[in-house]
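Visitor: Return a 3D structure for these sequence lines:
(one chain, ligands or ions: 2)
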Amino acid sequence: MFLCENSFKMIQAKNLHKYYDQLHVLKGVDLHIKQGEIVSIVGASGAGKTTLLQILGTLDQPTAENGIELRINNEDILNMNDKTLSKFRNLNLGFIFQFHQLLPEFTALENVCIPAFIANKSKQETETEAKKLLAYLGLSHRINHKPNELSGGEQQRVAVARALINKPAIIFADEPSGNLDTASAENLHQLFFKLRDELGQTFVIVTHNEELANMADRKLVMVDGQISN
Ligand SMILES: Nc1ncnc2c1ncn2[C@@H]1O[C@H](COP(=O)(O)OP(=O)(O)OP(=O)(O)O)[C@@H](O)[C@H]1O
Ligand SMILES: [Mg+2]
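Guide: Ligands and ions are numbered 1, 2, ... in the order given. Have a look, this model is predicted:
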């Protein structure tokens, strides 16, 4: 188990606010997540879960506020320029979305390799690693197929492999099993825990799936733009 006793803080957020015009969506979120921790975020539709995840994942920016802080893997995210931030995101963060967002014209193997190619890793090394990940996910026989030739659960597993190819410190998942049947959802959830135990990754998972939410080390409940527990 990788849950660190020395409690290295992988994510430190203070006073995160987000306004969309007049709409105050995040109302001062404070959050600490430890390395190797699996944290679930639940809450009603519209509570601000996706907004928070996108901000923690550096895909969106919080509104400037006094006392705001966002440190990820000990880096000050809010003061990075775009180029540095893109590089940081590519190397440190992995994303799994409800709709896998694979590129339709590429095979499973190619989809998995893309983030590594963006990081300038060699073709051979990347393909070897991608094949290893796909095998681990039970997809060795499907690597040369395009997304529309794969089942929903298979596509989601390809998306998981793509999220893992650069061995990111943190995986952000937004409704990762929202689109899967019960058995595929359970397999995916087991996989998250297996990956944490074997590779030590930190997971932040937004979910409406009660079972997944309760399996997490910690469940955060969002209510009206704030974490209520
Ligand atoms: N780009 C945007 N522009 C304007 N309003 C937005 C934008 N994105 C989200 N919102 C609004 O912000 C609020 C929070 O949205 P968010 O997507 O974070 O909710 P959520 O908790 O993820 O909900 P769900 O469970 O339905 O996915 C909602 O009222 C939503 O309509
Ligand atoms: Mg959402």
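Visitor: and stretch 131-147, how far from the chain's centre?
Guide: On the basis of Cα atoms, centre = their mean, to the nearest Å, stretch 131-147 sits 20 Å off its chain's mean C-alpha point.
Visitor: Could you give me the buried positions within that stretch?
Guide: 131, 133, 134, 136, 137, 139, 142, 143, 145, 146, 147 (16 or more other Cβ atoms under 10 Å). For every residue, glycine as well, the C-beta is placed using N, CA and C.
Visitor: same question, stretch 187-197
Guide: Buried residues in stretch 187-197, counted by 16+ other Cβ under 10 Å: 187, 188, 189, 191, 192, 195, 196.
Visitor: Look at the residue lying closest to the fourth one once chain neighbours are set aside and give its secondary structure.
Guide: Setting aside the residues directly before and after it, residue 191 is nearest to residue 160 in space (Cβ to Cβ, 6 or more residues apart in numbering), at 6.8 Å. For residue 160, the secondary-structure state derived from DSSP: H, G, I helix; E, B strand; the rest coil is helix.
Visitor: heads up, I number from 22, so please use that
Guide: Done: numbering now begins at 22, and the last item shifts to residue 181.
Visitor: What is the neighbour count of residue 181?
Guide: For residue 181, the neighbour count with other Cβ atoms under 10 Å is 25.
Visitor: ditto for residue 169
Guide: 8.
Visitor: Just to check, residue 59 is in contact with residue 226?
Guide: Yes. Using Cβ atoms under 8 Å, residue 59 is in contact with residue 226, at 7.0 Å.
Visitor: joint contacts of the two?
Guide: The contact sets of residue 59 and residue 226 overlap at 213, 237 (Cβ atoms under 8 Å, 6 or more residues apart in numbering).
Visitor: can you redo the buried residues of stretch 208-218 as CSV with secondary structure, distance to residue 30 and pLDDT?
Guide: Formatted as CSV, the buried residues of stretch 208-218 follow (DSSP: H, G, I helix; E, B strand; the rest coil; distance: Cβ to Cβ, whole Å; pLDDT from 0 to 100):
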residue, secondary structure, distance to residue 30, pLDDT
208, helix, 31, 84
209, helix, 27, 85
210, helix, 25, 89
212, helix, 25, 86
213, helix, 20, 91
216, helix, 20, 86
217, helix, 17, 91
